[in-house]
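> How does the following fold in three dimensions:
(one chain, ligands or ions: 2)
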Amino acid sequence: PPFPILLSGPVQKGFGRGGKDLGCPTANLPDESLPPMSTVTQTGVYYGWARVSPHNAEGKKVLSDVDSVVLPMVMSLGYNPFYHNQQLTAEIHIMHDFGSDFYGHAMDAIVLGYIRPELDYTSREGLIEDIETDKRVALKSLARPDYESYKNDPHFML
Ligand code: ADP
Ligand code: MG
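Ligands and ions are numbered 1, 2, ... in the order given. As a prediction, the model looks like this:
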């Protein structure tokens with residue numbers, strides 16, 4: 001089985017495709033971080049755990065301790081239209097209210113399961129509704145002891 005899939009990398013600037021407008025900012029991982037995802041072929045929505053380092057790219061501690069614990073996440077895996085749909089992209093929405101952006105911070109994630117394929121939305125409301133469902137599904141799965149235990153995985157012990 002492909003899971004768990006371990007991902008790590010500095011949070012990159014995306015194309016600002018409206019994640020924040022939808023109330024769903026997604027922290028993008030760089031291309032170099034994505035080879036582990038090649039063990040799964042489906043694009044769509046995944047879930048798991050993520051942790052953001054409190055230190056920025058200059059090594060200064062700018063996030064609080066509550067912002068840098070292991071948190072539940074949903075991740076969208078897709079193909080980037082800017083690269084003629086040949087380049088995979090992984091964007092992680094962390095279910096936590098951060099006080100600020102964290103571009104450049106190291107982020108670690110453990111992907112534990114697949115929720116659904118990507119759909120073409122005709123309405124913004126439909127998309128937002130589905131994201132809310134994804135979050136509930138993710139939280140429900142992550143609460144199972146076998147999934148919860150990954151919070152303590154050595155991958156997060158940096
Ligand atoms: P971009 O196109 O640059 O990825 P987004 O609108 O998707 O823009 O916003 C993503 C950024 O928002 C992240 O890189 C991160 O710095 C910040 N952010 C704030 N809160 C969250 C969160 N809960 N989950 C993910 N990113 C967040
Ligand atoms: Mg994003």
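> Please tell me how far the residue located most distally from the centre of the chain sits from ligand 1.
Within the chain, the residue lying farthest from the chain centre (C-alpha atoms, centre = their mean) is T122, at 23.9 Å. The spacing between T122 and ligand 1, counted by C-beta to the nearest ligand atom, to the nearest Å, is 22 Å. C-beta here means a position set from N, CA and C on the backbone, and glycine is covered the same way.
> Same check on S123?
Counting by C-beta to the nearest ligand atom, the gap from S123 to ligand 1 is 20 Å.
> how deep is that residue tucked in, by neighbour count?
Neighbourhood size, S123 [other C-beta atoms under 10 Å]: 8.
> per-residue confidence averaged over the lengthiest helix in the chain?
Longest helix in the chain, counting residues (DSSP state H): helix 124-142. Helix 124-142 shows a mean pLDDT of 94.
> ok, now stretch 11-30?
Looking at stretch 11-30 alone, the average pLDDT works out to 87.
> who touches that stretch?
The contact list for stretch 11-30 (C-beta atoms under 8 Å, 6 or more residues apart in numbering) reads 7, 9-10, 50, 52, 76, 82, 89-94, 102-107, 109, 124, 127-128, 131.
> Many thanks, we can stop here.
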